[in-house]
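Novice: sequence and predicted structure are below.
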Amino acid sequence: MKLTGIFPWASYIVPLKLLSLETDGYHLLVEVLLDGVHFYALLDTGASKSVFDKEEVQGRLSHLSLIHRNELSTGLGTNSMESYLTFIKDFRMGDFQLKNFEIALLDLNHIREAYKNLNLPPIAGVIGNDILVPYRANINYAKKRIRLFEPDSFIF
């Protein structure tokens, strides 16, 4: 929800789910709407860019145009993989909204399978620092929420 009156700057509260990975620690899960379609994504402060699974997104959002990237992407437990870009007209996490937001699409099947094997909710993507840094994300683990701020709303 967008807060008004409590703070002198615009902020958005986005609920998180804290997932226990047995003995491997915890992951933060966030509900995301991509052009009105519901997905779950991991919140990853170590990811430079938000990425989503190509097969999952393309299967549920057939209207998207994909742009093939000539360079290979690395990370997410792999050496390199083909990547694509697309623009999401309406990207939402709670009341936080971005218009015409560029996301990368990769094969994240290995992550989806790992979650399935642990009986965890299916995930379709990762929310990275292309959102977390410019919107000055503040993660509150106790309250299981993240607060995002408008870029020009205040100076540190």
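Specialist: The structure has been received and is ready for your questions.

Novice: let me see the ranges of the helices in the chain.
Specialist: For the chain, helices defined by DSSP state H occupy the ranges 54-60, 109-117, 129-132.

Novice: buried residues, the last one. List them.
Specialist: For helix 129-132, a neighbour-count test (16 or more other CB atoms under 10 Å) marks 130-132 as buried. All C-beta spots, glycine's among them, are computed from the backbone N, C-alpha and C.

Novice: ok, residues contacting that helix?
Specialist: For helix 129-132, contacts defined as CB atoms under 8 Å, 6 or more residues apart in numbering pick out 43, 45, 47-50, 98, 137, 148.

Novice: hmm, try it at 7 Å
Specialist: If you take CB atoms under 7 Å, 6 or more residues apart in numbering as the criterion, helix 129-132 is touched by 45, 47-50.

Novice: repeat that for the first one.
Specialist: Residues from elsewhere that reach helix 54-60, judged by CB under 7 Å, 6+ apart: 34, 37, 64, 84, 105-107, 109, 124.

Novice: looking at the contacts of helix 129-132, which is nearest residue 23?
Specialist: Among the contacts of helix 129-132, residue 45 lies closest to residue 23 (CB to CB), at 21.4 Å.

Novice: burial count for the closest one?
Specialist: Using other CB atoms under 10 Å, residue 45 has 12 neighbouring residues.

Novice: sorry, back to before: can you tell me which of the contacts of helix 129-132 are in strands?
Specialist: Assigned to strands by DSSP state E, none of those qualify.

Novice: now do the same for residue 137: its pLDDT.
Specialist: Per-residue pLDDT puts residue 137 at 95.
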